[in-house]
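**Student:** Pasting a predicted model and its sequence here:
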Amino acid sequence: MSRTAGPTAQDFVPFATAALDFHRALNVPGGPLVTTRSELDALHALLVSLYGLLDAHAGRTGQLVAAEGDRLRTAGTRIWQAAEHLHAAYHAAPWPDSGEVPEPEACLAGLPEGAPELTVCQRHQRAAHLVRRRTTPADLYAPFTGLVRR
């Protein structure tokens with residue numbers, strides 16, 4: 001079995017990276033001092049998508065090269081931990097209209113603000129279901145997730 005993708009595979013990751021760099025250069029230096037809830041929502045979506053990509057790669061690669069699969073799985077765990085922090089930051093950010101911060105328990109309802117465009121909680125709960133199937137709590141909360149296989 002070959003370890004590399006076929007010659008027809010498109011690699012869009014460099015374009016996504018360039019788009020993020022472009023967004024940061026345009027919006028962060030002159031933008032608001034506080035990150036908006038909608039940007040935190042978009043960043044969370046990005047990390048959840050990246051987690052899915054790493055999970056897919058880890059599953060396929062791990063069948064052929066176990067050590068590489070372990071490293072990809074570890075990277076996915078770290079990305080998920082970052083997504084957890086973004087989700088928490090979203091709930092710590094003030095609402096744009098009133099400046100109030102919602103209660104953390106409001107997340108359990110799925111959409112604390114009721115706005116259909118901000119679905120961070122629904123996305124987080126769907127992704128968490130996948131993470132719980134693929135990762136143990138010990139892996140998620142360990143200070144070091146770098147399993148070394150030789």
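**Tutor:** Yep, it's here. For clarity, every value in this text was computed on a predicted model and none was experimentally measured. Numbers count the residues shown, from 1 in each chain.
**Student:** quick one: average confidence on stretch 58-72?
**Tutor:** Averaged across stretch 58-72, pLDDT comes to 93.
**Student:** Which SSE is immediately downstream of the helix or strand encompassing residue 68?
**Tutor:** Using DSSP states H and E, residue 68 maps to helix 66-92. Later in the chain than helix 66-92, the nearest helix or strand by DSSP H and E is helix 120-134.
**Student:** Run through the neighbouring helices and strands of the helix or strand just after that next one.
**Tutor:** Downstream of helix 120-134, the next assigned helix or strand under DSSP H and E is helix 137-141. Using 3 or more C-beta pairs under 8 Å, 6 or more residues apart in numbering; DSSP states H and E, the elements in contact with helix 137-141 are helix 66-92. From N, CA and C alone the C-beta is placed, and that goes for glycine too.
**Student:** packing partners for the helix holding residue 68?
**Tutor:** Against helix 66-92 (3+ C-beta pairs under 8 Å, 6+ apart) you get helix 37-64, helix 120-134, helix 137-141.
**Student:** dump the residue contacts of the most centrally placed residue in the chain.
**Tutor:** Taking C-alpha atoms, centre = their mean, the centroid of the chain lies closest to residue 47, which sits 2.2 Å from it. The neighbours of residue 47, taking C-beta atoms under 8 Å, 6 or more residues apart in numbering as the test, are 79-80, 82-83, 86.
**Student:** so how far is residue 41 from the nearest residue to it once chain neighbours are set aside?
**Tutor:** Closest residue to residue 47 apart from its sequence neighbours, by C-beta to C-beta, 6 or more residues apart in numbering: residue 83 at 4.1 Å. Between residue 83 and residue 41 the computed distance is 12 Å (C-beta to C-beta, to the nearest Å).
**Student:** Same drill for those two, tell me which one is more crowded.
**Tutor:** Set side by side, residue 83 and residue 41 show more neighbours around residue 83, with 25 against 21, by other C-beta atoms under 10 Å.
**Student:** Surely the more buried one and residue 127 touch.
**Tutor:** Yes: between residue 83 and residue 127 there is a contact under C-beta atoms under 8 Å: 6.9 Å.
**Student:** hmm, back to that, how about the residue nearest to residue 47, what does it touch?
**Tutor:** 44, 47-48, 51, 124, 127.
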